[in-house]
Structure formats: structure tokens, C-alpha cells
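A.B. asks: When you get a sec, could you give me coordinates for this:
(2 chains)
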2 protein chains.
Amino acid sequence: MDFLESYLTQNDITILKGRESLHAYEFNGTTFIRLSQGYKHYQRGTVFYDKGIIPGYPRIMRILHLANGINRYFKDKFYIEEKMDGYNVRIAVINATPIAFTRGGFICPFTTDRISDLINTNFFNEYPEYTVCGEVVGPGSPYNTEDIPYIDEDVAFFAFDLIDEKGNHLSAENRYKIFERFNIQQVKRWGPFSASDIDTVKNIVLELDRDSREGIVIKSVSDGKPVKYVTLSSCLRDLEATTHLITELPAGFFMQRILRAVFLCHEFAIPFSNEYLISSAKALYIIPGETLRAVAGGKNIKEFFNVKVRNKNTVDKLIQHLNRSGVRTHLASVEKSGDYYKVKFYKIYIKGTKELRHRLMGKGFFD
Amino acid sequence: MDFLESYLTQNDITILKGRESLHAYEFNGTTFIRLSQGYKHYQRGTVFYDKGIIPGYPRIMRILHLANGINRYFKDKFYIEEKMDGYNVRIAVINATPIAFTRGGFICPFTTDRISDLINTNFFNEYPEYTVCGEVVGPGSPYNTEDIPYIDEDVAFFAFDLIDEKGNHLSAENRYKIFERFNIQQVKRWGPFSASDIDTVKNIVLELDRDSREGIVIKSVSDGKPVKYVTLSSCLRDLEATTHLITELPAGFFMQRILRAVFLCHEFAIPFSNEYLISSAKALYIIPGETLRAVAGGKNIKEFFNVKVRNKNTVDKLIQHLNRSGVRTHLASVEKSGDYYKVKFYKIYIKGTKELRHRLMGKGFFD
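C.D. replies: Residues are numbered from 1 along each chain as shown, chains lettered A, B, ... in the order given. As a prediction, this is how the structure comes out:
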């Protein structure tokens, strides 16, 4: 781990070890050290290795009032980019092999296996030291269960950031041009706009809302920090996709989505329709009720996933990777299909199941 | 504070001081020390003074499955007592004066002022060293805003526990007899039952539900720990009474009530009606939307209270007492009315208002 000293002082390293923030792992003979919490200018998920750094992807501030948020943070011109509902990855070339890193700085075995399907890797011949950041979206995702109405099957990659060898995020316009040149699919974009274009921006949000899209990220043409804002329908879809995990996820997860919807309807002067209210209440009461019935019948809270991979040994690596979190992942089946292996697996939500089971058994608790 | 040494060792006192758990205050020339966190067998809210202890009122375990909870915790016979929707007080005589203590061990200026209206204080002539525990319920409460459909105006006291000079909770039957003898109003009760009477208990819950009552506390005839269980309608009423505080109260407060309703409907095989779903969704979306509009219009999140007191100087003491928490309480008016003063005041929810205001102003945040 000597290479750490090129980036961090001995004192920094001692502090980070004390906080248990440095996690080493190996991949293809290379040692990587992942930063599990942000430190100084290094973001959480930053990865160090002997020949460089993969910078962590920064968290993006959320606003709940679109017009006032834009006025507050964008004195200069800005682009609107679509915020997509998938998982964030950073793709970089390590010793001539493209590798995909998760937000937390782990290697994602699934995305890494599928990189050649997701982006034109010729890009790295010209820009070997660049990191491509984007969202992997689609029904073939091993992380997301939310229905993606606009993608039929399998996953797709949508780029939204590009980091150079010095760790700088390229300007929006430079990035758009470079990705276009290599035919790398990018998230949808509009602009540039200025604060006086707020009505146009609102219409973009409404259009995305009608198309069941998640929302937008607003990015300065110069170098300000981006902010994000989501659609009304995405708040409801989030509830519908997650309330079976009512005892697994923090309560704030659900209440935040309700609050986002309340702010949007206030700003856009949209009254809540009975249809929206009923759908939301069904998500909050009927779905957990069905989960409870399943657990009462001896079942666990489960989610099934169908993904496809190129290499058979990706399967075990993926299951192992997913089992690192508190959720238990089990392989159900692997089936050869052309150049791919179709993999079916499921996750069992241990904590959420256990809490429902204890309550069903009449165990008391203090609240 | 020498009297503390009659109950706690020097070592205990040192530990409790280190934890900042001991809070001294004076009332009518007597020094009281309140315990702000439980310690060994002393409950949070225990009050020590030179001539004795007012034991803290124990937290009561909640169950979400009535039949299984009863089977688990009640091998012996048990009574059902109504759980009422008010605030918990302990009334004890200190130097010949009856004083009401809050759950946390503060003196409640309002309840203390009104004790003679709430219970027959002749009780203390015979039992000067007993502590009477009960719920103060009603529209004239300075703590609760939830509508109490079965009480027209002002507050009423309902006894549910009696603690003797040794700190023991009297058995249910003894307590019922003593309170009856002094004509002290008690919470409604049924029983004794055994676990085979579960259908009768369920019918009591359904009857309370129809009458818009909160729920039940199940108490062993011998000496087991009590457990509590609430009605379906109380879950909805709680939401309706509190979602204007969506940014003031913890998210778990709201999600817990949804979960309680889901468990009840599962066990009682009650399908959620559209009416229930719509009412709940209205509480979660429409009420916070109205609050947001008020805050956008420059207002604060406020709640108004109308109480009546016997002594004019209770007014200031009450406002001071309420201002000890994070909420700001302001006096609106005081008006003489017969033997009483009618007091109108309001609470401003600073934290909840500030969060809505910041979000309306477009301030971003990380979530």
C-alpha cells in the first residue's frame, strides 16, 4: 500500500486507518484501496491504486423548489440533463482492461463483464486516463427493481460525466462533443438556459413526468455545482417499488418522497388527484399488507432479478459482491443463451423479514 | 442534594452527573431532582426530594399482533383497560400540597393548578404517600391537539395506576376498589379474561375503534408487565393530527402508524376501504400542502390551545414550562371567566417551519 503515500500524507493515512475508512481488495493482480468515507477533497468511493486514482463520484444536492433553486445556484448559463433511474458507475481502464466501479468504490462484476455492450471502449485508446461516469439503467439491472417503462429488456448505459487525469470534471460542452465523437450514449440534455428560462425548464420536467422519467440534473456551463430535482410520478413510482421493504428501509426514505411530491404540486400548482392519492395509499398500505401475508405464510421478503452476463465466472463474483451488504443474495438458475448466460437470482431482506416475523409472533417492543 | 444519598450510592451519583441525567429544580421551597434517563431500577422521570421518591412511570411495550401478543405475555388472567389519548401524569402530595408531575419528571403547572377539578384530593388524607397515575384527556389540554370526540370541553382525569410508598404498583383489583371508594374516575375496563377469551378482546378493540377511541392496555391480574395495542382509527387520527408537522416530527412517527394499521387489518381480516386510503393520503399530502402554502405566505407552523386555569400566575409558569422543549410557546390572551382564567396560547414549530422555508427558498441539501 506504499502507493497511498503519493496521494496522502502519513498523518492522513493514520487518521483514515483509525476511522477504518481504507479498504483494500485485489482484482486481476492489482491492489485497489477504496475510501469508504469522504476525506478532505477525496469523495467517498475514491479508489487508489499503484498507477493512479479513480475519483469518487460527488453527491449531488437536491432542491425541492425548482425556480428558487435555479435562481439561487445558477447565476450563469446551465444545461438540463435527464436524471435516470439506475445505478451510478465509473468506468476506467486499469492495465489495459476497462473496469466498472460502484459509487462506493467496489468493482461491479456485472457492469465490468458487460462493458463492451455498454460503451465503445475504443474511447480509451485515445483517452486511457479518463474516467467515464454514467447510469446503467434497465430491467436487466442487478441493483434496481423499479420498472423502466422505456427500456424493454437488458441494461443500457447513459454517460453524464467525464473526469480527466487530474480529477477534473470536463465542462458539459467538451464532454458532449467527446462522447458524441465516440458514439457513447449520453443522457438526454436541453439548453443552455439562463434563469429567465424557468418556464421552459418547468415544461421539460412536466414532459419527463408524462414519460415516467425520474427527473433532471441542472449543470452550469462553467463550473458550479450541479443540483437535482425529480418529477411527481417518480415519487409515486419509488413508493410503489419499495413499500414491501417498509421494515427494511429507513422511514425517512418514504416520507422524503411524500414531501418531494408536496413541494412539486405546490410550485407547479397541480392539485393532487384522487388517483394519485389512492395509488400512493395503496403503495403504503396494500403492498405492505401483501408482504405481511407472505411472511405470515412462512415466506421471506424477496426480490427476483434477471440479468445476463458474458462470462460464467461473473455469476459467483456478482453474488459475492451483492452479499457484501446486509441483504442475502441467492442464485436461482444459470442458463446459456447465445453468447450470454442468463442468470436468475433473488435477494432476501433479512432485517425487514425478521422484524415482520417478530411482530407477527406477538413480540412487543418499546417505541 | 444530600437526600439523593438515601437512594443512590456516591458512585451512582457520580455516574449520573457524568451523564447529565440529574436535573434539580425548586417548587414552593422544595428541591426536586428529576432523572432524565432511566438508571438501574429507576425509570426516566423519577423524582427525588428530601422526603421521598415519585417513581417514574414505566414505558409500556407495544404489540402489533393482538392474539399472539396476549398468548406470549399473559399465561395468567388479565384485565383490559382503555388506553386514552391524552398525557400521562403522576399526582403526589408534597408537604401537604398535591402536585402533578409529567412523564419526564417536571412539575406540570397546568395539571397542578387544576388538580382539585380532576380528582377527589380527600384520597390523599388516607393515602398521603401514594402516587396516583392517570391520563389527562380533553380539548382543554395544553399538550394534545388531537380531537377528542367524546369529551366536549375542558379536561378530565382517568386513573390507571396507583403506586404505594414502597414504589410498588398496586394490583389491578386493589386499585379499582380504592379509586372507586374515593370516586376517582378510572379508565374503562373489562375482564378478567384469559388467553382463550381472545375473541372477546378483539370485540372490545372493534367497539373502541367504532367509538374513535385509541386502544387498550392489557394488564395481568398478578404482576406481569402490561402491553398496549391500538385501534385502526387511532392510526389514521394520529396522521390527521400531525402531518402538518411533517418536517418537525421524525419520519418514523408517521411510518409506524401506517405499519400498525397494516398489522391490524391483517389480523382482523379487514380490507382497507377506499375511504380509509383516501383519508390517509389526504393526511399525508393535502395537509402538508396546506402547511407549505401557509409558510410560503410568510406564516409559521402554529397550533392554538385553549385551556382554563384557576390561578393567574399559572399562565406564565405554563408558558415557561412549555418553552423548555424545542417549541416556542406564545401567550395570545387571558380572560377572567367565573372562577377561572381562560387562556389562549399558540406553539410555533421552529424547526419544521425553518426546514419548509429553506426548501421553499430553493436551498439544496444532501440526502
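A.B. asks: Flag every residue of the stretch 51-200 of chain A that's near chain B.
C.D. replies: Neighbours of chain B within the stretch 51-200 of chain A, by C-beta under 8 Å from any C-beta of the partner chain: A:59, A:61-73. Just so you know, the C-beta spots here come from the backbone N, C-alpha and C atoms, and that holds for glycine as well.
A.B. asks: Mind picking the two most distant members of those residues?
C.D. replies: Using C-beta to C-beta, the two most remote members of these are A:Arg59 and A:Ala67, lying 22.9 Å apart.
A.B. asks: ok, A:Ile148 - contacts?
C.D. replies: A:85-86, A:137-139 (C-beta atoms under 8 Å, 6 or more residues apart in numbering or on different chains).
A.B. asks: Look at it and give its secondary structure.
C.D. replies: The three-state assignment at A:Ile148 reads coil, by DSSP: H, G, I helix; E, B strand; the rest coil.
A.B. asks: From chain B, how far off is it?
C.D. replies: To chain B, A:Ile148 is 22 Å away according to C-beta to the nearest C-beta, to the nearest Å.
A.B. asks: related to what we said a few turns ago, now render the residues of the stretch 51-200 of chain A next to chain B as a markdown table, adding pLDDT and secondary structure.
C.D. replies: Formatted as a markdown table, those follow (pLDDT from 0 to 100; DSSP: H, G, I helix; E, B strand; the rest coil):
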| residue | pLDDT | secondary structure |
| --- | --- | --- |
| A:Arg59 | 95 | coil |
| A:Met61 | 98 | strand |
| A:Arg62 | 98 | strand |
| A:Ile63 | 98 | coil |
| A:Leu64 | 98 | coil |
| A:His65 | 98 | coil |
| A:Leu66 | 98 | helix |
| A:Ala67 | 98 | helix |
| A:Asn68 | 98 | helix |
| A:Gly69 | 98 | helix |
| A:Ile70 | 97 | helix |
| A:Asn71 | 97 | helix |
| A:Arg72 | 96 | helix |
| A:Tyr73 | 96 | helix |
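A.B. asks: Counting neighbours, what do you get for the closest residue to A:Ser36 other than its chain neighbours?
C.D. replies: Spatially, and ignoring its direct neighbours in sequence, A:Ser36 is nearest to A:Ser21 (5.1 Å; C-beta to C-beta, 6 or more residues apart in numbering or on different chains). By other C-beta atoms under 10 Å in any protein chain shown, 17 other residues sit near A:Ser21.
A.B. asks: Could you do A:Asn323 as well?
C.D. replies: 13.
A.B. asks: Repeat that for the one 5 residues further on.
C.D. replies: When neighbours are defined as other C-beta under 10 Å, A:Arg328 has 16 of them.
A.B. asks: beta partners of it?
C.D. replies: Note on A:Arg328: beta-bridge partners A:Ile348, judged by DSSP bridges.
A.B. asks: got the contact list for it?
C.D. replies: By C-beta under 8 Å, 6+ apart, A:Arg328 lies in contact with A:347-348, A:350.
A.B. asks: List buried residues within these.
C.D. replies: A:Lys347 (16 or more other C-beta atoms under 10 Å in any protein chain shown).
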